[in-house]
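A.B. asks: Here is a sequence with its predicted model. Questions after.
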Amino acid sequence: QQQPPPQQQRQPAASPAPERRPHNPAWSEQVNPENGQTYYWNNSTGESTYTRPPDYNPPPAGASGTGSNNAQGSKGPPGANLFVVRKMRRGEYDTFSDEDLRREFGRYGTVLRAEMTVDKETGWSKGFGFVSFSNAMEADAALAAVHGSWMDGREMKVEKTHEDGH
């Protein structure tokens with residue numbers, strides 16, 4: 001089992017790096033149960049540190065490239081929110097991104113939210129996510145067209161979110 005690093009003071013953030021290094025999937029973000037602080041653990045080397053490693057750069061969840069968060073994460077009105085699953089076998093990984101989800105579902109209406117759930121350790125998609133439309137008719141059209149179809153090599157399962165019942 002991984003061990004949190006010894007207790008240390010948080011260091012001031014260094015100036016932002018001019019270039020973003022590729023993500024090293026050996027790094028994962030963890031929480032020290034004793035103090036609640038976030039730390040980083042490398043499953044290849046066993047190294048742990050409170051300082052974010054320069055090669056820990058998983059794709060941001062819900063990001064659409066340039067960090068503009070205008071409509072990201074906005075749920076639609078009741079009936080316009082979908083839960084999406086890309087069928088995978090245990091141990092498989094998927095590179096299907098928020099942008100792919102937005103592009104594919106954008107054919108059926110105005111997408112307010114398109115978010116794939118990402119594994120923090122690997123940066124890969126976990127194979128499920130959420131899509132929200134501006135109205136229920138668009139969501140219904142997407143559900144009818146996409147549920148049971150194949151998208152980018154995987155079978156798609158789509159259903160209305162349960163939160164719409166509240």
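C.D. replies: Noted; the coordinates are in hand.
A.B. asks: which stretches of this structure have low pLDDT?
C.D. replies: Applying pLDDT under 70 to the chain flags residues 1-20, 32, 59-73, 163-166.
A.B. asks: At which residues are the strands of it located?
C.D. replies: 27-31, 38-42, 48-49, 81-86, 111-118, 125-133, 150-151, 154-160 (DSSP state E).
A.B. asks: I'd like to know which elements the third one is packed against.
C.D. replies: Counting contacts by 3 or more Cβ pairs under 8 Å, 6 or more residues apart in numbering; DSSP states H and E, strand 48-49 packs against strand 38-42. C-beta coordinates here come from the backbone N, C-alpha and C atoms, glycine included.
A.B. asks: need the longest helix for this structure.
C.D. replies: Taking DSSP state H as the criterion, the chain has its longest helix at helix 136-146.
A.B. asks: quick one on the thing from earlier: turn the strands of the chain into CSV, columns for mean neighbour count.
C.D. replies: Formatted as CSV, those follow (neighbours: other Cβ atoms under 10 Å):
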stretch, mean neighbour count
strand 27-31, 17
strand 38-42, 17
strand 48-49, 16
strand 81-86, 22
strand 111-118, 22
strand 125-133, 22
strand 150-151, 13
strand 154-160, 15
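A.B. asks: how about TSV for those strands, with distance to residue 58 added?
C.D. replies: Converted to TSV, the strands of the chain look like this (distance: least, Cβ to Cβ, whole Å):
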stretch	distance to residue 58
strand 27-31	8
strand 38-42	11
strand 48-49	16
strand 81-86	18
strand 111-118	7
strand 125-133	11
strand 150-151	23
strand 154-160	21
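A.B. asks: Of all those, which one comes closest to residue 95?
C.D. replies: strand 125-133 (6.6 Å; Cβ to Cβ).
A.B. asks: Check the offset of the closest one from the chain's centre.
C.D. replies: In terms of Cα atoms, centre = their mean, to the nearest Å, the centre of strand 125-133 is found 8 Å from the chain centre.
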